[in-house]
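>>> can you look at this prediction? I've put the sequence above it.
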Amino acid sequence: PPDTSLATAAAATMTGTNRFQFIAFLRDTLDDRGVQPGPFYAALAHLDVPLWISGTYDRLLPASLNAYSIGTAADLPFLPSGPRMVVRLAGDLASPRGLMVIESDYAQLREDATDRQGLVEYLRLALDHKLLLFLGYDPASPDFALLLRHVLNRHFAGVSARGFLVWERPTPPLF
């Protein structure tokens, strides 16, 4: 149904070891090798923005921005000095341990507590007193509701940031 998030659908299909099977399905279905970023990503590449947070599984945003991409706090010490970085909040299909697939993944943000805390702390510091621009998220989507509930309202609670959503139709205020 349209009011079901991907996380809810995933949880309904997973029992026991089926998480591995579901992630294998995602890898096969969302394989972006050989896919070139489209015009939307090309337009984003012209923006002078140093930190991007992607909520997708694909690698198209980092590729279009020619940016370094991280998915865990373990990557932070290895950041090269450069103008752009993409934090892949949903994780990387090549590294299933850090994927956000079901709702409890959003609640925990990462499986490993130390890694989760490191990534959250890095983002809390990086986003404090900044402007957050959400591009392409459907505000009526149950998946966006998960992002709001668990990531913004829980993990980033207390961060002084101002959020705006760019969507093709008028929407009510988010927060």
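On my side now, so go ahead. Predicted, not measured: the structure shown is a model, and the values here were computed from it. Numbers count the residues shown, from 1 in each chain.

>>> ok, which stretches of this protein are helices?
For the chain, the helices defined by DSSP state H occupy 6-13, 18-29, 39-44, 60-65, 103-108, 113-127, 142-146.

>>> Ser64: how many residues sit nearby?
18 (other C-beta atoms under 10 Å). C-beta coordinates here come from the backbone N, C-alpha and C atoms, glycine included.

>>> tell me how far the residue nearest the centre of the chain lies from His150.
For the chain, Gly55 is the residue whose C-alpha lies nearest the centre (C-alpha atoms, centre = their mean; 2.3 Å). Per C-beta to C-beta, to the nearest Å, Gly55 is found 12 Å from His150.

>>> sorry, back to before: just name the most buried of the helices of the chain.
Highest mean neighbour count among the helices of the chain (mean count of other C-beta atoms under 10 Å): helix 60-65, with a mean of 20.

>>> with only the CA atoms kept, save that one in PDB.
The C-alpha trace of helix 60-65 is given here as PDB (Å, rounded to 0.1, in the frame of the first residue of the first chain):
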ATOM      1  CA  LEU A  60      24.900   8.700  -7.800                       C
ATOM      2  CA  LEU A  61      25.100  11.800  -5.600                       C
ATOM      3  CA  PRO A  62      28.700  11.300  -4.600                       C
ATOM      4  CA  ALA A  63      29.600  10.400  -8.200                       C
ATOM      5  CA  SER A  64      27.900  13.600  -9.600                       C
ATOM      6  CA  LEU A  65      29.600  15.800  -7.000                       C
END
